[in-house]
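>>> could you work out the structure for the sequence below:
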Amino acid sequence: MFSAITATKQRRALLLASSMLAPALYVSAALAQQASSEQLPPVEVRAPGDHNRTRAKPASDGTPGPRRPAPGQVPTNAQPAGGAGSSGTAASGASSGGGGSPQFAGIVGTSSTVITADDIAHSPSHTLPEIIAQAPGVQLQSLFGGVNGAKTSVDLRGFGAFATANTLFLLNGRRLNDIDMAQVDLSTIPLDSIERIEITRGNSGAVLYGDNAIGGVINIVTKTGIGGPPVSIRGEAGYGSFNQRMAAISTAMNSGPWSASFYGNGIKSDGYRVNNALDQRNGVGNLNYTTPDLKAFLTVTGDDQKLGFPGGRIVDPSAGINQLVTDRRGAATPFDYGNQQGASATAGFTKTLLNGVDLIVDGGYRQRDTQSAFFGTSPLISAASTYNDAALQTWSITPRLSINNSIFGIPSSILTGIDYYDATFHQQRGAFRGVPPIHTYDLSQQSLAGYWMHTVGLLPTTDFSYGARVQNTWLNARDRYDPNAPFAFDAQATPLDQSETNYALHVGVEHRFTEMFSVFARAAHAFRTPDVDERVSTGPAFDAFFNPLPQNFQLKTQTSHDVEGGFRVKTGRFQVQTSVYNMDLENEIHFNPVLFFNVNLEPTRRYGSETQASLRVSDTVSLRGGMAYTRAVFREGQFAGNDVPLVSRYTGNLGVTWNIWDNYLVLDATLRAWSSRVMDNDQANTQTRIPGDATIDLKLSGAYEHFFWSVSVNNLLNALYYDYAIASNFTPGRFNAYPLPGRTFLVKAGATF
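Below you'll find the model as predicted:
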């Protein structure tokens, strides 16, 4: 009976998704019929854009005035995806056109930031999360010492412990978030492979990309080498604190319509703490075929990571314990570890059907295998041990139409398509590796969505956009429990077969009063379905007498409604963007560490403001900065008015780049600061807060002919800080903190050919 109902719903969803394409097909046919009419304005013939890499790219107007490439960066003639130039600053805004001309380069009405390859090369930071955190409002959480940014969470708009599940990460416009809770590990992406990072705040991105885009969308666009020299090679090596060794190699080739590129890196480090060693290798390869009316690509990625989990440092004033002072670099779990292997392949093409009408078809496969062991303080205490072995595979296909033309003389841009994802998750949980698992979880999830985003130039100075997405999700979840497995003591979860429909909406507007000043606003609705790890931790696992109870996999879908408004100012040397927002959420998903299962919270709210700016003082000196006020509070229930844990109210950053001597010597400096935050597991807000702090990073770099070098010092003032801690359920004042490194250095040198 269930299979018949599911099949009916799938057919209904397919018809619904297909109907999203029907208006676009009708419009394109109408445009074709009207093409010969002399009443219409002339239509510019354009080559297809690289829509496979991004669906909504924030406009990137560039740093006011010229800026030299960072030392060691090879200038490229390649045009970035979407057809816009690179920004050269992290303070670029979306759709911030001048001269009264509409720009349909992003989601109209949104607040956005573009970080370019040049910004990354200039940054004193060595990790991708820290580079992203230079954008206003971005907060970080790291439990494992921050080596190469491994397992560091990036938080947009204050989601604390569940930041990754509420921030959608894309690689070349395709989802990186999976259906499990294993966070998107940004350390697996070689920095040298990145052309730009597009940050779109708020949940309007859910229309184009779907699930997880509650706090915003971070799209990482990689280089392709298109338009460059016939052959180019770049190599780099470095040595730093904690016996860190790194090497990176990249190459690109061009011949006629064909181009190929590869970017790879490797890093080894003993880590800041005991049992904090990292051993990691990553690679990204691209093959592209480019002609005036057809673009095709193949992208392959791979990564392999081994990381030690040192656990927390105990602070208990009542017992006179403060391991942050007495043994800051020690390990509570000296034998815990996590290994990860990932691979993906994505292929697609963009074909021009008519002038301004492109068909984009792409699909891909992604696999991630993880093995992790948790022994507690000793592997000899078998009852406290857990070994997890998981495999996740995701197939996807995402055809769409891009229509950029005039309708009745009004500039118009339409993007409409269908997204289909099919993911399977298999996990075995046992006491040790090699023994029969206690639980074997098998979950499969399919989603089918149709979406439509339409942007029109209502006036030469006013852009308006609206969009909708309808998504059906089918979930099948099973648990096989082996009561005879070693140390089995709980119960089998009840099966779940579920189908549900969710939707996302967006409406936005931007008006340019002058070439220098514009205002923007938007409103949106989005959703987040629970991931498989949240479901398998749904309980309770025990009753009041500690008898095992079956889990049930069931959680409600989280929804959000937000509004935002702001303005942008752009002159020859200065530009600024500021916005204010309010977001109301229902059924926010959160882990209850007292009962050891996930729950849907009482209604919550996020609100605040974000400002970013840049100033070109001279041809050799530029300044950048940003600040944000972020509030995350419970709206109802027993914690009404309290702060959601792990969210700093105030964050800010300042940066300077000084080209001291014609790229032979360049100084870059960044200050990042944040206020205190409530500890995890302290919804009552009664425990000590995680202290606020600040770090200063410096880098000297230079280049001579084909050679380049850099010397950087991070956390110059040796701040002894931590950005994650969890409060005790039973002892007031007791908590576990996860300390981060003090002052560190890294020396790098390389050459380009």
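>>> which element, helix or strand, includes H525?
strand 517-528 (DSSP states H and E).
>>> could you give the separation of that strand from the chain centroid?
19 Å (CA atoms, centre = their mean, to the nearest Å).
>>> packing partners of that strand?
If you count contacts as 3 or more CB pairs under 8 Å, 6 or more residues apart in numbering; DSSP states H and E, strand 517-528 packs onto helix 206-209, strand 496-512, strand 558-570. Quick note: C-beta positions are derived from backbone N, CA and C, even for glycine.
>>> what about the residue nearest to F639 when sequence neighbours are not counted, neighbour count?
Spatial nearest neighbour of F639, chain neighbours left out: Q683 (4.8 Å); criterion: CB to CB, 6 or more residues apart in numbering. Neighbour count of Q683, defined by other CB atoms under 10 Å: 20.
>>> so Q683 sits in a strand?
No. Read with DSSP: H, G, I helix; E, B strand; the rest coil, Q683 is coil and lies in no strand.
>>> switch to numbering from 894
Sure thing, new numbering starts at 894, so read that last one as Q1576.
>>> what ranges does the stretch 1044-1193 of the chain have for its strands?
Ranges of strands within the stretch 1044-1193 of the chain are 1046-1049, 1060-1064, 1067-1068, 1087-1094, 1109-1115, 1124-1133, 1137-1148, 1151-1162, 1171-1184, 1187-1201, based on DSSP state E, counting those that start in this stretch.
>>> quick one, which of the ones you listed gets closest to D1536.
strand 1046-1049 (13.9 Å; CB to CB).
>>> each with direction, which strands does the closest one pair with?
strand 1031-1034 (antiparallel) (DSSP bridges).
>>> quick check: mean pLDDT of the strand it pairs with?
What strand 1031-1034 shows for mean pLDDT is 94.
>>> that one: how far from the chain's middle?
For strand 1031-1034, the distance to the chain centre is 11 Å (CA atoms, centre = their mean).
>>> with stretch 1088-1104 instead?
Its chain's average C-alpha position is 9 Å from that of stretch 1088-1104, according to CA atoms, centre = their mean.
>>> right, and the helix or strand after the helix or strand of the chain with the lowest mean pLDDT?
Every helix and strand of the chain was ranked by mean pLDDT, DSSP states H and E. The lowest is helix 895-927, at a mean of 40. Downstream of helix 895-927, the first helix or strand assigned by DSSP H and E is strand 1005-1009.
>>> mind giving me the packing neighbours of that next one?
Against strand 1005-1009 (3+ CB pairs under 8 Å, 6+ apart) you get strand 1087-1094.
>>> and the strand it packs on with strand 1060-1064, angle?
Here strand 1087-1094 runs at an angle of 150 degrees relative to strand 1060-1064 (axes from the mean of the first three to the mean of the last three CA atoms, to 10 degrees).
>>> note down every partner strand of strand 1087-1094 and its orientation.
Paired strands of strand 1087-1094, with direction, are strand 1005-1009 (antiparallel), strand 1109-1115 (antiparallel) (DSSP bridges).
>>> please export the C-alpha coordinates of the helix or strand following the shortest one as PDB.
Read that as strand 1005-1009. Next in sequence after strand 1005-1009, counting helices and strands by DSSP H and E, comes helix 1010-1015. Taking C-alpha atoms only, helix 1010-1015 is exported to PDB below (Å, rounded to 0.1, in the frame of the first residue of the first chain):
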ATOM      1  CA  ALA A1010      41.700  34.300  -5.700                       C
ATOM      2  CA  ASP A1011      43.700  37.500  -5.200                       C
ATOM      3  CA  ASP A1012      42.000  38.100  -1.800                       C
ATOM      4  CA  ILE A1013      42.900  34.500  -0.800                       C
ATOM      5  CA  ALA A1014      46.500  34.900  -1.900                       C
ATOM      6  CA  HIS A1015      46.800  38.200   0.000                       C
END
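>>> and helix 1010-1015, what does it pack against?
Based on contacts counted as 3+ CB pairs under 8 Å, 6+ apart, the elements that helix 1010-1015 packs against are strand 1087-1094.
>>> distance from the chain centre to the strand it packs on, please.
With CA atoms, centre = their mean, you get 9 Å for strand 1087-1094.
>>> just checking, what packs against the strand or helix carrying S1306?
According to DSSP H and E, S1306 maps onto strand 1303-1323. Counting by 3+ CB pairs under 8 Å, 6+ apart, the packing neighbours recorded for strand 1303-1323 are helix 895-927, strand 1279-1290, strand 1293-1300, strand 1332-1352.
>>> angle of that strand against strand 1293-1300?
Going by the same axes, to 10 degrees, strand 1303-1323 makes 160 degrees with strand 1293-1300.
>>> which of the strands paired with strand 1087-1094 sits most buried?
Comparing those by mean neighbour count (mean count of other CB atoms under 10 Å), strand 1005-1009 ranks first with a mean of 29.
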